[in-house]
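In: here are the coordinates; sequence isn't available:
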């Protein structure tokens, strides 16, 4: 099975504080994992665990202080790789230019890599893929609901037909009904486009909707790994440190 991503002994740290007093903050410490084609990966952890730092590294927005990240067999800091790994973030409004129409937002990414022969048809095709009404294409993105903005963000990301799509808390601000709608649509798009997902979340329920592999981050370290073959109950029983069990209890059992 083709290996899409390989993360080897990656650490990331930042300087925090002011000119007179700086402290080193380690966001990730000695992270290693791999992801093969047709296996979606869930990255699970509480706030501050290092999930978003890992997302920025995978997207090439930052370089690790130590270690190596290979995507499609090569280090990923080049435009071709960036085209093939895209992301959808928690707050779609912050990623969309409020002065742009929905059409302009949909085509924003693809125009960085391709020359469009028919922008009108391209925007219609993308809108239809995420069930966005065509009469909304000329409407400014600032006037859409949160769910509609997230659909625009999804369509903009898949316009490039990436091999890997990162969902960084992309569904956490949506109500449960809308979450399930978009999960269903993303699954359909995955089958149609052959994408692999990396789902970053603090919510095990969302990760279980997509992923065959799961890693748990805690204070910048991978503290637990499991997969769909092991099964949820067996994984909980094997979790000696209790990090996976604690998240499962919070998300799956206490709310029902």
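Out: Structure received. These figures come from a predicted structure and were not determined experimentally.

In: tell me where the protein has strands.
Out: 3-17, 22-36, 41-44, 66-71, 74-75, 85-88, 164-168, 196-201, 213-218, 221-227 (DSSP state E).

In: just say which of the ones you listed is most tucked in.
Out: strand 41-44 (a mean of 27; mean count of other C-beta atoms under 10 Å). Yep, even glycine has a C-beta here, placed from its N, CA and C like the rest.

In: give the other helices and strands that it contacts.
Out: Here strand 41-44 touches strand 196-201, helix 204-210, strand 213-218, going by 3 or more C-beta pairs under 8 Å, 6 or more residues apart in numbering; DSSP states H and E.

In: residue 107: which of the ones you listed is closest?
Out: strand 196-201 (23.1 Å; C-beta to C-beta).

In: still on that earlier bit, just send the strands of the chain back as JSON lines, with distance to residue 101 too.
Out: Formatted as JSON lines, the strands of the chain follow (distance: least, C-beta to C-beta, whole Å):
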{"stretch": "strand 3-17", "distance to residue 101": "34"}
{"stretch": "strand 22-36", "distance to residue 101": "35"}
{"stretch": "strand 41-44", "distance to residue 101": "34"}
{"stretch": "strand 66-71", "distance to residue 101": "32"}
{"stretch": "strand 74-75", "distance to residue 101": "37"}
{"stretch": "strand 85-88", "distance to residue 101": "20"}
{"stretch": "strand 164-168", "distance to residue 101": "24"}
{"stretch": "strand 196-201", "distance to residue 101": "28"}
{"stretch": "strand 213-218", "distance to residue 101": "38"}
{"stretch": "strand 221-227", "distance to residue 101": "42"}
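
In: hey, least reliable of those strands by pLDDT?
Out: The weakest mean pLDDT among the strands of the chain belongs to strand 74-75, with a mean of 80.

In: state the distance from the nearest residue to residue 170 once chain neighbours are set aside to residue 140.
Out: Nearest residue to residue 170 in three dimensions, chain neighbours excluded: residue 88, at 4.2 Å (C-beta to C-beta, 6 or more residues apart in numbering). Computed as C-beta to C-beta, to the nearest Å, the residue 88 to residue 140 distance reads 20 Å.

In: what sits against residue 189?
Out: 129-130, 154, 158, 195 (C-beta atoms under 8 Å, 6 or more residues apart in numbering).

In: pLDDT score for it?
Out: On the pLDDT scale, residue 189 gets 86.

In: same thing with the one 5 residues further on?
Out: We note a pLDDT of 89 for residue 194 in this prediction.

In: roughly how far does the residue nearest to it when sequence neighbours are not counted sit from residue 59?
Out: Of all residues not flanking residue 194 in the chain, residue 163 sits nearest, at 7.8 Å (C-beta to C-beta, 6+ apart). Separation of residue 163 from residue 59 (C-beta to C-beta) stands at 13 Å.

In: common neighbours of those two, please.
Out: With C-beta under 8 Å, 6+ apart, residue 163 and residue 59 have common neighbours residue 85.
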